[in-house]
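Colleague: No sequence on hand, only this structure:
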């Protein structure tokens, strides 16, 4: 198979695969590093490299789950709070081997949409690299992420665009 055929196959196989389908097998650090490196190769105008990724594994990931559940509970009225959604937030994070926050850093050098587009292309590179390694992944953008400014150390010129969940699949 030539490179174009391999690339087409990877693009055609790319899917969002959710944590319920992840196995308990850990993603090797070398593969995680490769996934993040592929993100850094995304095109970006004026080389602003507007993506900021924070990796959550182990105890940090558990703390993220608890924080997001707490935020959900605090931001819902008694009428809108759903126990199933509350439990689902924790389940998805804890079932994933790795969760990566997706943050855009607005440089002021180019229009904001270009920097969001660059971050999106970086995430697409992560999707494709995950697919090539048979790792399940998906990008989630719940409103809760707007309340994670402190734990993600988000600065004034930055915005969290969501979380990228990764896990091994059969």
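Modeller: Alright, I've got the coordinates. None of the values given here were measured: they were computed from a predicted structure.
Colleague: contacts for stretch 35-47?
Modeller: 49-51, 53, 55, 100, 107, 109-110, 114-115, 118-119, 121-126, 128-130, 133, 135, 166 (Cβ atoms under 8 Å, 6 or more residues apart in numbering). C-beta here means a position set from N, CA and C on the backbone, and glycine is covered the same way.
Colleague: Need the buried ones from the residues you listed selected in ChimeraX.
Modeller: ChimeraX command restricting the contacts of stretch 35-47 to the buried ones, with burial defined by 16 or more other Cβ atoms under 10 Å:
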select :49,50,51,53,55,100,107,110,114,115,118,119,121,122,123,124,125,126,128,129,130,133,135,166
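Colleague: among the contacts of stretch 35-47, which are in strands?
Modeller: Judged by DSSP state E, the subset of the contacts of stretch 35-47 located in strands is 51, 53, 55, 100, 135, 166.
Colleague: Can you classify the nearest residue to the fourth one once chain neighbours are set aside by secondary structure?
Modeller: Nearest-residue entry for residue 100: residue 164, 4.3 Å, with adjacent residues in sequence omitted and distances by Cβ to Cβ, 6 or more residues apart in numbering. When the structure is split into helix, strand and coil by DSSP: H, G, I helix; E, B strand; the rest coil, residue 164 lands in strand.
Colleague: these two touch, right, residue 164 and residue 122?
Modeller: No: assessed by Cβ atoms under 8 Å, residue 164 is found out of contact with residue 122, at 10.0 Å.
Colleague: sorry, back to before: what count of nearby residues applies to the residue nearest to residue 100?
Modeller: Neighbour count for residue 164, taken as other Cβ atoms under 10 Å: 23.
Colleague: What residues does it make contact with?
Modeller: When contacts are counted by Cβ under 8 Å, 6+ apart, residue 164 touches 53, 99, 100, 101, 102, 123, 126, 137, 138, 139, 140.
Colleague: let's see 6 Å
Modeller: Counting by Cβ atoms under 6 Å, 6 or more residues apart in numbering, residue 164 makes contact with 100, 102, 139.
Colleague: State the mean pLDDT of the helix ranked longest in the chain.
Modeller: Under DSSP state H, the helix in the chain containing the largest number of residues is helix 112-132. Average pLDDT, helix 112-132: 98.
Colleague: Just want the angle from it to strand 51-56.
Modeller: 50 degrees (axes from the mean of the first three to the mean of the last three Cα atoms, to 10 degrees).
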